[in-house]
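Asks: can't give you the sequence, but here's the structure:
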């Protein structure tokens, strides 16, 4: 599993520009089109194959660069399962050799040199695929469980936010938005210290899922058919949700304070002995 909710770390990592690689396709596309319109069908086929090889390699490269950026930005993440950057480098080597030798008519040694230089340059610039899991110290908790739980919670929060955009009641929209923002804050706290998942497990499994069910049920109805009593009940419910989330965040802070006190006491005993 490689998906996690992205949260910025202490260092700001500049987003990659993988899409700029597609600029290399422009002159080749022009050449393919020229061969077609001039009636050079053998040249069109040769260049067309090269275009497909190169475009496929660049698509893999763009995917790999994006995947690596997501991994680097995440505090905890599994190493990507598919090495897109490695596959892209291999594809670039094959496509550049093909274009140089079969399309450009370069000597074999020159074509081989270009076919080796392209993936080497690509790897030097973009690096390689992450190979190690970035899980940190989770104090005996299953890393897979932590990552899967956080991912599912973030996914449900995204669904809640998307559903909230369909609501025309501004007051209700504001309450749902506040609830999701506080929930996202709690998720960030847990990502910073995954052992807090023990304290917030009910929040992640029950509360977020409950909000998702409420907002989905609401959006499936015509708002004009929803009575004032039901709306009042929903307002009160969301007020309780906000209060519950505030208490949940306070509980996490107290849990971290308790951990600090324990570490201080342990160190004090070690110093005494």
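Replies: That came through fine. Everything numeric in this text was worked out from a predicted model, so none of it was measured.
Asks: what about the most centrally placed residue in the chain, helix or strand, and which?
Replies: For the chain, residue 70 is the residue whose C-alpha lies nearest the centre (CA atoms, centre = their mean; 4.9 Å). Under the criterion of DSSP states H and E, residue 70 resides in helix 41-73.
Asks: now for that helix, which elements pack on it?
Replies: Packing contacts for helix 41-73, counted by 3 or more CB pairs under 8 Å, 6 or more residues apart in numbering; DSSP states H and E, involve helix 25-37, helix 84-98, helix 108-126. Any C-beta I mention is one placed from the backbone N, CA and C, and that applies to glycine too.
Asks: how far off helix 84-98 does it point, in degrees?
Replies: Inter-element angle recorded for helix 41-73 and helix 84-98: 160 degrees (by axes from the mean of the first three to the mean of the last three CA atoms, to 10 degrees).
Asks: pull out the buried residues from helix 41-73.
Replies: Using 16 or more other CB atoms under 10 Å as the test for burial, helix 41-73 gives 43-44, 46-51, 53-55, 57-65, 67-73.
Asks: what is the helix or strand where residue 162 lies packed up against?
Replies: Taking DSSP H and E as the definition, residue 162 sits inside helix 143-164. Applying 3+ CB pairs under 8 Å, 6+ apart, we find helix 143-164 packed against helix 170-192, helix 197-202, helix 208-219.
Asks: select, out of the ones you listed, the one closest to residue 102.
Replies: helix 170-192 (50.0 Å; CB to CB).
Asks: returning to that earlier point: from residue 80, how far off is the residue nearest to the centre of the chain?
Replies: Relative to residue 80, residue 70 is positioned 9 Å away (CB to CB, to the nearest Å).
Asks: lovely, talk soon.
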